[in-house]
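Enquirer: Could you look at this predicted model? Sequence included:
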2 protein chains.
Amino acid sequence: MSGRYYYAFFERFSRAYARHPSLSKVLVVSTVSGGGLVAYYNVGDSTRVAHADAGLVGPPKKKVVVLGTGWAATSFLKGLKSTSYDVEVVSPRNYFAFTPLLPSVTNGTVEARSIVEPIRNIVNKKGPHCEFREAECYKIDAHNKKIHCRTTQASSLRGNEEFTVDYDYLVIAVGARANTFNTPGVEENAHFLKEVEDAQKIRRSVIDCFERASLPCVSEEERKRLLHFVVVGGGPTGVEFAAELHDFVHEDLAYLYPTLRSYVKITLLEAGDHILSMFDKRITAFAEEKFQRDEINVKTGSMVVKVSDKEISTKERVTGHVVSVPYGMVVWSTGIGTRPFVMDFMKQVGQTNRRALATDEWLRVEGTDSIYALGDCATINQRRVMEDVSAIFSKADKSGSGMLKLEDAREVVKDICERYPQVELYLKMNKMKDFADLLKNAEGVKSTELDIEMFKKALSAVDSKMKFLPATAQVAAQQGTYLANCFNRMEECEKNPEGPLRFRGTGRHRFHPFQYKHLGQFAPLGGEQTAAQLPGDWVSIGHSSQWLWYSIYASKQVSWRTRMLVISDWGRRFIFGRDSSRI
Amino acid sequence: MSGRYYYAFFERFSRAYARHPSLSKVLVVSTVSGGGLVAYYNVGDSTRVAHADAGLVGPPKKKVVVLGTGWAATSFLKGLKSTSYDVEVVSPRNYFAFTPLLPSVTNGTVEARSIVEPIRNIVNKKGPHCEFREAECYKIDAHNKKIHCRTTQASSLRGNEEFTVDYDYLVIAVGARANTFNTPGVEENAHFLKEVEDAQKIRRSVIDCFERASLPCVSEEERKRLLHFVVVGGGPTGVEFAAELHDFVHEDLAYLYPTLRSYVKITLLEAGDHILSMFDKRITAFAEEKFQRDEINVKTGSMVVKVSDKEISTKERVTGHVVSVPYGMVVWSTGIGTRPFVMDFMKQVGQTNRRALATDEWLRVEGTDSIYALGDCATINQRRVMEDVSAIFSKADKSGSGMLKLEDAREVVKDICERYPQVELYLKMNKMKDFADLLKNAEGVKSTELDIEMFKKALSAVDSKMKFLPATAQVAAQQGTYLANCFNRMEECEKNPEGPLRFRGTGRHRFHPFQYKHLGQFAPLGGEQTAAQLPGDWVSIGHSSQWLWYSIYASKQVSWRTRMLVISDWGRRFIFGRDSSRI
């Protein structure tokens, strides 16, 4: 309403500037009655693409179907520049959610709407060859190259309909669901923290507990139960949620429910020995100390065995006893599981007894030739050196003499290191300069020549350095970008393969294999404290990393829109506090 | 998080300024990495009152129980300054919602959270003698002066509990519910627009219709059905919703769903002859014309007789036929009904066959002595002059001669006009100078004396000018403030009654009766157009009243918090457009 007039003004403004791309971002500060307002207008965003009925001439395009709208799918979509594909995105969620801020949504530091981006904003910018369907894929038919989908809109639209979509390439990026490890009662009684709706439910639930506890009919004991919040899982999400909840309770709710302050108790349960075990020890220690100061009750070595409607039971590793405590709300944030239709598909392609879809280093699902999987629903099944050791040896031994010369080996070192990243990691861990070092140091190597047995012995320990990538947004986003680049240069690389040597076959692989670049990890600990672990063992704790965290969040993946909304939410919160209305 | 540091700074800042009340509002503009931020900090808000266990000495306080947290209840609460009561507020909603902006929430012009204010923010400022209970009153026991309540928190808290609350005074301000007039299928298939949750549901439902319509499995016919939005009721809410929906569809969704634009149809059904019939004819005509230009299909004389799951049936007044049309979503915004427990209470106090709780002019429920009702759940049963005409005559005829002299009458004119506001209205409508004029002009009056028959004849037409107050936020808010003032001065006015003469009894009424002051009414019509009807027949249409509307909304009732949030939402919207994510 108020905006429309200004909107016109902005449109005009932006059209003028659009001709000068260097000025494509415009910062306008204006004052509106009664308050100030800073308007950041991203001109690029306004050039919405109108779909034209493109009567295209040329060879029929290949159809890429993308399942999902999370980190992996969205960065794939954003990275896909080639217009030589018809793209169809299928997902029950018509938005991308900036999940690292989910814990902040649970208590209203940030609004749910501020961390989501309508997927159609992204899809429409791609032009008429890209479409979005809000539906759920429930079956993949790899044989006939089609997927079966059904609608997910509210029942008010009467009945769910089904349809199929054909594909030439299928990109599976549907993420994971929470893993209850079949613990009884978790599904029914605990909250999860995977989706935006989960975060909103948790928020309402916290307020519910406080409102119920302030009624006169509630006994002392019941009041204590209601205000006992239990978080299961000491990973980054669980820890951040516990910290955010503590801040919410002590900074905001304590003022609104002054008589209840003393009843509140927050417990963090972790089955392992330490919380944040994937982080550096210094960070773990700091977090545990801080939580102790904050009176967040951290219980390690405590495995949840049952969640009933009012009690949670844990088995204590030290004593071996099962202990039950009453609770008001449980948030379950430990482990990820496979979605049922992915499980079904895994059976189809002969992947049973795995926790996620196995792919090769190029993210292609093993046992298929046109299906890719990335993000939390997939795991890269890295090739062992020992599997291919004979093939490597014969490729390296150009003369075919059965004895490999060190200088001959040098020629294939780059390819080996690229194809088997564990080699490079092994060298680094053992402080070796290069591959020749590894061969020279092997037992029994006397001269500059090795036979196959010596070669095998030299490489025998290398595979121990293989590692799985963590199920994080960072990995998913990098995989999406990587795969998009492959798709962008599909034709080009078909002609001029750029990947490493095929040790078992001939020629080279089309693309370089996916390589993850770890940019560090953050764990916000509440009260302006953030722990950061950055590449190269750099650890930072406290205010400075808080700002580092913000600046990373303000610069990654998300649109300018999301960035501004989040910043304005932070602003709102520090001015007005968090809101406790149960909506 | 980011805020905490600044928060400390603000707290310090504000404590310093709190000593200089004239500077109690501080405007701070600061810049945060990557964007600007304007921080308005209301120092008054930060002085949260901590409840102390007040071991008060003195006579036991009277207990006031307030039911509801809407306009009437909230302004009563805000206006209640006296500390000589214990106040307990009971409502299933722990927030006050700024309802005039509900239509804006349906399409994301404004966020739900921005138009609500936690009731505990208001309650806590009152100090320890004021409490809030999130529960629903399901029965009033006027005989024993207690109410029966039950909890309303989510079922995840296991079971609903019940409790009772005693009162000395009960203030019923629970509002109304939507009235379906028992039309079949409305309850099941239509959306209402009374609560914040309703608005959120409507928003999701609109997006659902668009998402479903863009699926490949949907037929042309079905697509048309899905994108046919029907609004029932041509009052201000229905009209504003239709206008907002039109803007949402044409300004935002048209870009996100470009292929669907031509399928969208909005129909506004009104049983009467015109939409906005309570407004000036000029406004009605303008609105009807504007809607025609916007291609919003306005159908007057069309009464809904049935809503099935996919079709809405109307009886057309002109033809008498029943017509059915397929729809995607129906919003029902016509008429208000009584809540079941209020209906039950009305039976208790002998008020049957009424649409709302009848009160006297002091807002006291008829048939009770310590229960008050205000807002949409109540209606003032104005006393007829003709009922009291003999009593009035004898009070005025001080000599008791049976003949009333005009100059004697003058002494009671003020009291008559105050006690029976219809008199003043009648004088004004008939362009009479004063009450004496009325008596003089009566048929058969020859001299300056009247007998009772002449007096009756003179006043016989006056009661035709009685009118019911509309069920608006404005009325509710004024009633709340009025009642709070009465409570504030209860003791004082007990001793020195300030109201008009009791014509039937002796002495004076304690208080002046409630008088409604109409401040005008607004009807936003979409696309920067707002129609305003202000007191004194002043009509304003267009941009200017748009700004008038904003300034009123920015200055009434709401806290600075809500005001700033709404303004920042408007800002967000005009920069980034509305969001279409289905959350």
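Expert: On my side now, so go ahead. Residues are numbered from 1 along each chain as shown, chains lettered A, B, ... in the order given.
Enquirer: Distance from the chain centre to whichever strand or helix holds A:Leu438, please.
Expert: Secondary-structure element containing A:Leu438, defined by DSSP states H and E: helix A:435-441. Computed by CA atoms, centre = their mean, to the nearest Å, the separation of helix A:435-441 from the middle of its chain amounts to 38 Å.
Enquirer: Repeat that for stretch A:62-77.
Expert: 14 Å.
Enquirer: which residues touch the helix holding A:Leu438?
Expert: Residues outside helix A:435-441 that contact it (CB atoms under 8 Å, 6 or more residues apart in numbering or on different chains) are A:406, A:409-410, A:413, A:416-417, A:423, A:426-427, A:430, A:432, A:445, A:450, A:455, A:458-459. To be clear about C-beta, it is placed using only N, CA and C from the backbone, and glycine gets the same treatment.
Enquirer: mind listing what A:Glu88 touches?
Expert: Neighbours of A:Glu88 in contact, by CB under 8 Å, 6+ apart: A:63-66, A:130-133, A:165, A:167.
Enquirer: hmm, back to that, show me which of the contacts of helix A:435-441 are buried.
Expert: By neighbour count, with 16 or more other CB atoms under 10 Å in any protein chain shown, these hold A:406, A:409, A:413, A:416-417, A:423, A:426-427, A:445, A:450, A:455, A:458-459 as buried.
Enquirer: I'd like these as JSON lines, with pLDDT and secondary structure appended.
Expert: Putting these into JSON lines (pLDDT from 0 to 100; DSSP: H, G, I helix; E, B strand; the rest coil) gives the following:
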{"residue": "A:Leu406", "pLDDT": "79", "secondary structure": "helix"}
{"residue": "A:Ala409", "pLDDT": "79", "secondary structure": "helix"}
{"residue": "A:Val413", "pLDDT": "85", "secondary structure": "helix"}
{"residue": "A:Ile416", "pLDDT": "88", "secondary structure": "helix"}
{"residue": "A:Cys417", "pLDDT": "87", "secondary structure": "helix"}
{"residue": "A:Val423", "pLDDT": "87", "secondary structure": "helix"}
{"residue": "A:Tyr426", "pLDDT": "86", "secondary structure": "helix"}
{"residue": "A:Leu427", "pLDDT": "85", "secondary structure": "helix"}
{"residue": "A:Val445", "pLDDT": "66", "secondary structure": "coil"}
{"residue": "A:Leu450", "pLDDT": "82", "secondary structure": "strand"}
{"residue": "A:Phe455", "pLDDT": "86", "secondary structure": "helix"}
{"residue": "A:Ala458", "pLDDT": "84", "secondary structure": "helix"}
{"residue": "A:Leu459", "pLDDT": "86", "secondary structure": "helix"}
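Enquirer: Including distance to chain B, could these go into JSON lines?
Expert: Shown next, in JSON lines, are the buried ones among the contacts of helix A:435-441 (distance: CB to the nearest CB, whole Å):
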{"residue": "A:Leu406", "distance to chain B": "53"}
{"residue": "A:Ala409", "distance to chain B": "50"}
{"residue": "A:Val413", "distance to chain B": "44"}
{"residue": "A:Ile416", "distance to chain B": "44"}
{"residue": "A:Cys417", "distance to chain B": "39"}
{"residue": "A:Val423", "distance to chain B": "41"}
{"residue": "A:Tyr426", "distance to chain B": "40"}
{"residue": "A:Leu427", "distance to chain B": "40"}
{"residue": "A:Val445", "distance to chain B": "56"}
{"residue": "A:Leu450", "distance to chain B": "56"}
{"residue": "A:Phe455", "distance to chain B": "54"}
{"residue": "A:Ala458", "distance to chain B": "51"}
{"residue": "A:Leu459", "distance to chain B": "48"}
